[in-house]
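> Structural data only, the sequence is not supplied:
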C-alpha cells in the first residue's frame, strides 16, 4: 500500500501546485455533468447553467462541511484555484466582457428606471432587515441599521456597522444575512424569472438594481439568460457603493427617528 | 492579435475600477462605486469607435469574446467558493432577513418594470 500513497502524494502535489488548472478541469466537469442532468433528468426544462451553479453551491457545502473553512470547496488545498477562478478579479473581468456588443442606447433607454430601482432596492432591503432585527430583539438603531445593511449586501452590512459602531456579533449576523441573500438570488432567479417577467433588458436592469448583490445577480442571470447579464450587472455594480453611502447616513438617521 | 482584445478589456476594467475607487474616495468611502459599470460603458464606447474605424479585427474580438464566454464557468467557481455552510449555520435572524429581503425585491421587479414601461409612448403588445 506504500506505493499507492506515494503515487497519491505526487498527484496531490501536482493538483495543488497547478490549482488554477485543476479548477478549470473541475468546473468544466461540473458543467458537463449539469449539461447531462439537464438533458436527461429534466428534459431540458432546467437550464444547464442553473444546475451547474446549484452543483457549485452543493460542492461549496461539502467543502465547508469537510474543512470547516469559509471558502467552500476552495478550502481543500487541491481545489484552492476555484477561489481564484471564481474570485472577484476574474468575475469582474468576465462581467465587463459580457457588455461587448451591447448597444449604448439600450442602457440610456432604461436609465431612469435603473436609478429608481437602485434606491428602491436599497431602502426596501434596509427596511426589511431592520424590521426582522427589531422582531428578533435587536432594538437599538445601530444594530437594526447594520442588520438592514446585511440584507442589502454582505459588504454594505459590515461597512455600515463599522461606521456607526455595531458590535462584532451584529456585524457577523449582517454578513450572514447578505450571504443568504446572495445564494438565494442565485438559486431563485431562474425559477422565478417567468413569473416576474425577467426576459428583457429593461426588467434585467431593474432586477439588478433591486437585488444589488453582484454575485447573486451574476449567478442568477447566468442561469436564466446569458444575454441579460450585462444589463443586470450594470446596475448591481452601483448598488453596494450607494448602500455604503446611504447606510451610515440617511438610513441610520431614519431608523433613529422611527425608533425613538 | 488576440491579446489586443484582452488587453483592451483589461485596460477598461482597470480604468473603471480606479474611477470607481476615486468616486468612492470623493464620497468619503473605502469602496468601489460602480467601477465595473463604468468599465462596461467604457468597453462599449471604445469598441464601438474602433469598430466603425475598422480597427477591430476578428482575432481582437476573440480576445474579448473568450472572457465573455467563460463567464458562466467563472460564476460556477464563484458559487463553489461561497461560505454556504456559514450562511446556513448563521441562525434565524440572518436567514429570515436574507429571505424576506430577497422575496420583497423579487416582488418589486414586475411593479417597477410596469412603471417604467408606462413612461414610453407606445402601448405594450397586448393592449394594441
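Okay, I see it. Just so it is clear, the model here is predicted, and its values are computed rather than measured. Numbering: from 1, shown residues only, chains lettered A, B, ... in the order given.
> mind checking which helix or strand residue 108 is in?
No chain specified, so I'll use chain A. Assigning secondary structure by DSSP states H and E places residue A:108 in helix A:104-109.
> right idea, wrong chain: chain B
helix B:92-118.
> Can you list the buried residues in that helix?
Within helix B:92-118, the residues scored as buried using 16 or more other C-beta atoms under 10 Å in any protein chain shown are B:93-102, B:104-106, B:108-110, B:112-113, B:116-117. All C-beta spots, glycine's among them, are computed from the backbone N, C-alpha and C.
> hang on, the earlier thing: return the list of helices and strands in contact with the helix holding residue A:108.
Where contact means 3 or more C-beta pairs under 8 Å, 6 or more residues apart in numbering or on different chains; DSSP states H and E, helix A:104-109 is packed against helix A:201-211, helix A:229-246, helix B:35-52.
> now the first one: how far from the chain's centre is it?
Averaging C-alpha positions (C-alpha atoms, centre = their mean, to the nearest Å) puts helix A:201-211 15 Å from its chain's average.
> related to what we said a few turns ago, and of the helices and strands packed on helix A:104-109, who's closest to residue A:95?
helix A:229-246 (4.8 Å; C-beta to C-beta).
> got the angle for the following helix or strand past the closest one vs helix A:229-246?
Using DSSP H and E, the helix or strand that follows helix A:229-246 towards the C-terminus is helix A:252-259. Here the directions of helix A:252-259 and helix A:229-246 differ by 70 degrees (axes from the mean of the first three to the mean of the last three C-alpha atoms, to 10 degrees).
> what helices or strands is helix A:252-259 leaning on?
helix A:141-152.
> Any part of the helix it packs on near chain B?
Yes. Counting by C-beta under 8 Å from any C-beta of the partner chain, chain B is contacted by helix A:141-152 at A:147, A:148, A:150, A:151, A:152.
> Is the residue nearest to residue A:225 when sequence neighbours are not counted part of a helix or strand, or is it coil?
Leaving out its chain neighbours, the residue that sits closest to residue A:225 by C-beta to C-beta, 6 or more residues apart in numbering or on different chains is residue A:199, at 6.9 Å. Of the three states, residue A:199 takes coil under DSSP: H, G, I helix; E, B strand; the rest coil.
> show me the contacts for residue A:199.
A:193, A:225, A:228 (C-beta atoms under 8 Å, 6 or more residues apart in numbering or on different chains).
> do the same with residue A:206
Per C-beta under 8 Å, 6+ apart, neighbours of residue A:206: A:110, A:113, A:114, A:117, A:235, B:109, B:112, B:113, B:116.
> Let me have those in CSV, extended by pLDDT and distance to residue A:165.
Formatted as CSV, the contacts of residue A:206 follow (pLDDT from 0 to 100; distance: C-beta to C-beta, whole Å):
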residue, pLDDT, distance to residue A:165
A:110, 71, 39
A:113, 84, 36
A:114, 84, 33
A:117, 91, 31
A:235, 87, 31
B:109, 89, 35
B:112, 86, 34
B:113, 84, 39
B:116, 71, 38
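> ok, of the residues you listed, which one's closest to residue A:33?
residue B:109 (31.1 Å).
> Secondary structure element holding the residue lying closest to the closest one once chain neighbours are set aside?
Leaving aside its sequence neighbours, residue B:109 sits nearest to residue A:196 (C-beta to C-beta, 6+ apart; 4.3 Å). Here residue A:196, judged by DSSP H and E, is contained in no helix and no strand.
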